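[1] 3D model of this:
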Amino acid sequence: MSTVNPSSKAFTDIFIKSPVLAIVVNLIILAVGWRSISALPVRQYPRIESSSVMITTAYIGASAETVRGFITTPIERAVAAIDGVDYIESSSTAGLSTITVRLRLNHSSNDALAEISARLNQVRSELPVEAESPVIDIQRTDRPYATFYISFTSDSMDMTQLTDYLAREVQPDLGTLPGVQRVGIEGPRQLAMRIWLDIDRMTGLDVSAEDVSRALQRNNFLAAVGRTKGPDIQIDLLTDTDLRTPGEFEQLIVRERDGTIIRLKDVARIELGSEEPMAETGVNGRAAIYLSVWPLPSANELDVGAALKGALKRVEPTLPAGMHMVLAYDGTYYMENALKEITKTLAETIGIVGLVVFLFMGSIRTVFVPLIAMPISLVGACIAMMLLGFSLNLLTILAIVLSVGLVVDDAIVMVENVERHIRQGMPRMRAALTGARELLTPVISMTITLAAVYAPIGFQAGLTGVLFREFAFTLASAVIISGIVALTLSPIMSAKLVAPQGRESRFTRMINRHFDRLRDLYGRVLSLTLQVRWTMALAAVLIAAGAVPLYSMSRKELAPTEDEGFIFVIFQSSPEATLEYTLKGVHEAAKGMISFPESEFFFNVTFPSGGFGGMKAIDWKKRERSTADMMGQAFGVLSGISTVRAFPGLPPPLPGAGQFDVEVMVTSTDEAEQMAPIAGQLVGAAFGSGKFLYADSDLKLDLPQTRIVIDKERVADLGLDLAAVGRDLAVMLSGGYVNRFNYDGRSYKVIPQVAEKDRVTPDQLLQLKMRTPTGGLVAVSSFVKLETQTAPRTLNRFQQRNSFKIYGGASPGVTKEEALSALEQAAKKILPAGYTIDYAGESRQIRTEGSSLASTLGFALGLIYLVLAAQFGSFRDPLIVLLGSVPLAISGALVFSFLDFTTINIYSQVGLITLVGLVAKNGILIVEFANTLQASGHSKIEAARGAAMTRLRPILMTSAATVFGHFPLVLVTGAGAEARNSIGIVLVTGMTVSTLFTLFVVPSIYALVAADKSKAPPAHETHAAAPESAIPVPAVVVAD
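    Next up is the predicted model:
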């Protein structure tokens, strides 16, 4: 009588009896999957909608307090209530308000932009008339910088000419490349008509700043007067009302005095110059202009990079003599190398798995069964990836590498079972039919179980879910396809490729003899452990309980820091520093970093108050030190610079993180002066903890300011008003533009400003003169006095509360989680009532995402239990599978995290979840076959022993394939190695430990917990169990 459900045998029989159908089905999977690969976009990470909306408003000449009160606060109130906001932070400095609206993950930036624009239109009337209109810009927070930067230097052109050349000749050409969203110019020196006012000559000729401003506004005007229209023709009319050259501006009449015409050249020097440089970009300490290339979100970045490099080869020969071009930053460089490393690991894994199968089966012909199943399963997973809109990225390709050790299991189990029946004398076709029917339920159970493990990851919220959704569903798809291949193609291949009994090779017979001896030895040991099954169960409980302290004592971090080939540097200068002063320190840093033997070049973007830069390291294969190893030397070099403060850092391991390892926001209603001492205490506590390489606060009360105190009564007596005073001072000092002029088909600013020699010190302000309504000039000193004060560099707010940030870098050997925890403990002791802490950058990710996968692991266990309960039709059997293998595997893996081979991070936690599904498969093989033995009349003890011995070879083979197949992940170096090391260590160690325990613990727990399903009275248990030869393993009756 058959022990297989009649309805189930028809499914596998179809493909065994019709080999052509089996081959066609799998060829279709292979062909469609291969076609899907070419349609998948390639990027570094899965596509993430992680955006910030930047609102920048210039109010030239206004103090930081004025900017905060009249610009920042009204705008914050207006945009705070829009949908999709995660948090709002702002910075108010002299003349500039910057508000960053950080959107929740995957919230549409276009919808947010539309809503913010509408709110700004409503609030515009509340802003000062003199303030410029707010500028809105969307920034990707998962990658706030461009994918490519090309540097240009010139031996013959100045920076203004170089900027103009790039804007006219190179930028438009690169902007038309396929897949390019936009091309920006970084560090530009834009042309401007500079009108340098001479105070002495203006005073002598009785000319005020208001006279100059009014003349420019009235006489540099672009008019469109229309056209004539006759019966047959119409003609456009053009007027010459605007000024275009310095000569034309020089002849502009500013004022008439006693019949004498005063022209602009009489009171000012006019030149075609550039706007006030607010930044300078450079490479290796030399000034340069960068073109930034931003690909479309849907573009294949590798294809964009190839097209860009081809375009640069075409552009380079056309550049003017003395101009040099370098691809300074290639965002696909790390991605390309990481993909190569993963592809190499994939090839190594496939080879190792094939070798493992050969050594276990002893036949090259047999190896082809799992080796053919692997590519079909892996390529077939790409069908699901295409249908779900996934991409080929570092995580999905990592999933494919991991799946090699998973998809081969079903084929291994199938070929081993068919080969076992053939060895017992069964004809090959019948062996295939019998073996497939026996494994139909276990294969389905194992496939559903392993696929179900990843479902909780796929539906995880937050950054973890977005990043690992594609990873999880790619793995699940590969596992499902492998189950289909195992039930359709593997049985008929086994029937054709496994040698009939008596015709095995000498090597195959030797392997079989060794495994027979191993099985007998295992059976004897298992008999002993079954006699002390309560002791085995207690030992398993104690080992499993050890997972709790091992987890709590292991070092934790969000993700391991990768060697991306870059060390970034943040520069901070004194608040009163000029651009030239700050550049001295930046150039010193560049010189020091270039001296590293691993350095390829150093780039920088410098502002008067600071900036950022970075050292690009040479290829991973050409250097012995990682970027993490260089950090100590980098800090030593940078800390010796006297003119600026410089902080080294590595790129964040996950998209969307900030600039520093730790970023804690402290908020309060207190003003900056009251918060400053508290910020100082927190910085001191950070250093005192020993966890920080450096630490600092963005709250600095060291900005020297001169306050202009106006005598309002005196102003009224002179017939002036404060608005007129403010406008005249702004024209002379602020460098704001009056209007624009046309130059070679482009529009540029007209900027009147007092010459630099007349505004070196604040006291020179008192020498300026203003016109009164009576027509006379009056000295500013008659109604103004100056007061010197020290103010905060910036007035920061977070979530509409005054705030400051404590930031820093973790010391070598200290995780970011440990450094953050140390700062949190210090904050609890130091912060007074009314102060709260929040997080930004990577610290926000750590606190919102760090423990999310731990709960997912529990959910995955619950889901697997329910799936297995449905498969077994029992609530006991799933407990045997899970309790006998999963806790032991987790404890085994955590031992190595406790020993600091890896940390508890997002990748190692994914490895633990994967481990749950892998070890459960071994338990399923034993429990399912033990139930079959019980149903045929054997006792629980006999069934447990017989099932374990029968399934020993496939369990060892699949476990060895997983361990050795994933071993390259442990040893891999180079781009993206840290994440793969972490997940590989967990899988290799956990699977090794679990397999050793599963073979003894699962049978013991089965004997204790499983229901008695035997049809015959239990065998006498004077001896634990009969030898294997005495246990008739029931064959499935196959009807011819």
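[2] Please state the offset of the top helix by length along the chain from the chain centre?
    Ordering each helix of the chain by length in residues (DSSP state H) puts helix 977-1009 first. How far helix 977-1009 lies from its chain's middle: 30 Å, per C-alpha atoms, centre = their mean, to the nearest Å.
[3] same thing with stretch 545-555?
    Put simply, stretch 545-555 sits 28 Å off its chain's centre (C-alpha atoms, centre = their mean).
[4] Report the mean per-residue pLDDT for it.
    Averaging pLDDT along stretch 545-555 gives 87.
[5] And that stretch, what's buried?
    Residues 546, 547, 550, 551, 554, 555 are the ones in stretch 545-555 that count as buried (16 or more other C-beta atoms under 10 Å). For every residue, glycine as well, the C-beta is placed using N, CA and C.
[6] ditto for stretch 269-279
    Buried residues in stretch 269-279, defined by neighbour count with 16+ other C-beta under 10 Å: 270, 273, 274, 275, 277.
[7] How about the contacts made by residue 559?
    Going by C-beta atoms under 8 Å, 6 or more residues apart in numbering, residue 559 touches 653, 654, 905, 906, 907, 979.
[8] in a strand, that's where it is, yeah?
    No. Checked against DSSP: H, G, I helix; E, B strand; the rest coil, residue 559 lies outside a strand; its state is coil.
[9] And the pLDDT at the residue nearest to it when sequence neighbours are not counted?
    Residue nearest to residue 559 in three dimensions, not counting chain neighbours: residue 653, with 3.9 Å by C-beta to C-beta, 6 or more residues apart in numbering. At residue 653, the predicted lDDT confidence score is 77.
[10] Then residue 659?
    pLDDT, read off for residue 659, is 74.
[11] What's the separation between the spatially closest residue to it that is not a sequence neighbour and residue 1006?
    Nearest residue to residue 659, sequence neighbours excluded (C-beta to C-beta, 6+ apart): residue 570, at 6.0 Å. Going from residue 570 to residue 1006 by C-beta to C-beta, to the nearest Å gives 60 Å.
[12] Also residue 361?
    Distance from residue 361 to residue 1006, by C-beta to C-beta: 27 Å.
[13] and these two? which has more neighbours close in?
    residue 1006 (29 against 24; other C-beta atoms under 10 Å).
[14] looking at it, that one is touching residue 929, isn't it?
    No. If you go by C-beta atoms under 8 Å, residue 1006 and residue 929 don't touch, sitting 10.6 Å apart.
[15] Give the residues shared as contacts by those two.
    residue 947.
[16] show me what contacts the residue nearest to residue 546 when sequence neighbours are not counted?
    In space, and not counting its chain neighbours, residue 546 is closest to residue 891: 5.2 Å by C-beta to C-beta, 6+ apart. By C-beta under 8 Å, 6+ apart, the contact list for residue 891 reads 543, 544, 546, 547, 550, 993.
[17] What strand or helix carries the fifth one?
    Yep, that's residue 550 we're talking about. helix 547-553 (DSSP states H and E).
[18] neighbouring contacts of that helix?
    Contacts for helix 547-553 (C-beta under 8 Å, 6+ apart): 887, 890, 891, 894, 895, 897, 898, 904.
[19] Please flag which of those sit within helices.
    If you go by DSSP H, these have 887, 890, 891, 894, 895, 897, 898 in helices.
[20] Residue 76: which of these is nearest?
    Proximity of the ones in helices among the contacts of helix 547-553 to residue 76 was ranked by C-beta to C-beta; the top entry is residue 897 with 43.6 Å.
[21] how much space is there between the closest one and residue 312?
    45 Å.
[22] List the neighbouring strands of the strand or helix carrying residue 740 plus their orientation.
    Assigned by DSSP H and E, residue 740 falls within strand 739-743. Looking at strand 739-743 with DSSP bridges, its partner strands are strand 746-754 (antiparallel).
[23] Off-centre distance for the partner strand?
    With C-alpha atoms, centre = their mean, you get 41 Å for strand 746-754.
[24] Return the set of buried residues in that strand.
    Buried-residue list, strand 746-754, by 16+ other C-beta under 10 Å: 748, 749, 750, 751, 752, 753, 754.
[25] the domain parsing of the protein - what is it?
    The domain map for the chain lists 1-20+364-498, 49-141, 191-221+241-274+703-791, 513-561+840-1027, 565-650, with the assignment taken from automatic domain parsing.
[26] what about the second one, how long is it end to end?
    It refers to domain 49-141. Using C-alpha to C-alpha, to the nearest Å, the end-to-end distance of domain 49-141 comes out at 9 Å.
[27] Low-confidence ranges, the stretch 501-650 of the chain, go.
    Low-confidence segments of the stretch 501-650 of the chain (pLDDT under 70): 501-504.
[28] Which residue ranges of it form strands?
    566-572, 599-607, 610-617, 645-649 (DSSP state E, counting those that start in this stretch).
[29] Format those strands as TSV; extra columns: mean neighbour count and distance to residue 165.
    As requested, these are exported to TSV (neighbours: other C-beta atoms under 10 Å; distance: least, C-beta to C-beta, whole Å):
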stretch	mean neighbour count	distance to residue 165
strand 566-572	21	28
strand 599-607	21	20
strand 610-617	22	24
strand 645-649	24	32
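[30] Can you add distance to residue 691 and give those strands back as JSON lines?
    Below are these laid out as JSON lines (distance: least, C-beta to C-beta, whole Å):
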{"stretch": "strand 566-572", "distance to residue 691": "19"}
{"stretch": "strand 599-607", "distance to residue 691": "28"}
{"stretch": "strand 610-617", "distance to residue 691": "24"}
{"stretch": "strand 645-649", "distance to residue 691": "16"}
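[31] what about these, which gets the closest to residue 713?
    Closest among those, using C-beta to C-beta: strand 599-607, at 40.6 Å.
[32] That closest one to strand 566-572, inter-axis angle?
    If you take axes from the mean of the first three to the mean of the last three C-alpha atoms, to 10 degrees, strand 599-607 sits at 30 degrees to strand 566-572.
[33] who does strand 599-607 pair up with?
    strand 280-283 (antiparallel), strand 610-617 (antiparallel).
[34] Generate JSON lines for the ones you listed, with distance to residue 319 as supplementary columns.
    JSON lines is the format used below for those (distance: least, C-beta to C-beta, whole Å):
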{"stretch": "strand 280-283", "distance to residue 319": "16"}
{"stretch": "strand 610-617", "distance to residue 319": "22"}
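[35] To residue 985, which of those strands lies closest?
    Of the strands paired with strand 599-607, nearest to residue 985 by C-beta to C-beta is strand 610-617, at 25.2 Å.
[36] Okay, now the unreliable bits of the stretch 251-400 of the chain?
    The stretch 251-400 of the chain contains residues with pLDDT under 70 at 297-298.
[37] Switch the contacts of residue 559 over to TSV; also include distance to residue 435.
    What follows is these, written out as TSV (distance: C-beta to C-beta, whole Å):
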residue	distance to residue 435
653	46
654	45
905	41
906	40
907	37
979	39
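[38] now, which of those sits nearest residue 68?
    Using C-beta to C-beta, those come closest to residue 68 at residue 654, 32.9 Å.
[39] quick one: that closest one is in a strand?
    No. Using three-state DSSP, the assignment for residue 654 is coil, not a strand.
[40] ok, it touching residue 468?
    No. Using C-beta under 8 Å, residue 654 is not in contact with residue 468, being 10.6 Å away.
[41] which residues are common contacts for these two?
    Joint contacts of residue 654 and residue 468 (C-beta under 8 Å, 6+ apart) are residue 906.
[42] Looking at the two, which is more packed in?
    Under the neighbour definition other C-beta under 10 Å, residue 654 and residue 468 were set side by side, and residue 468 has more, 27 against 20.
[43] Just give the nearest non-adjacent residue to that one, would you?
    Going by C-beta to C-beta, 6+ apart, residue 468 has residue 457 as its nearest residue, at 5.2 Å.
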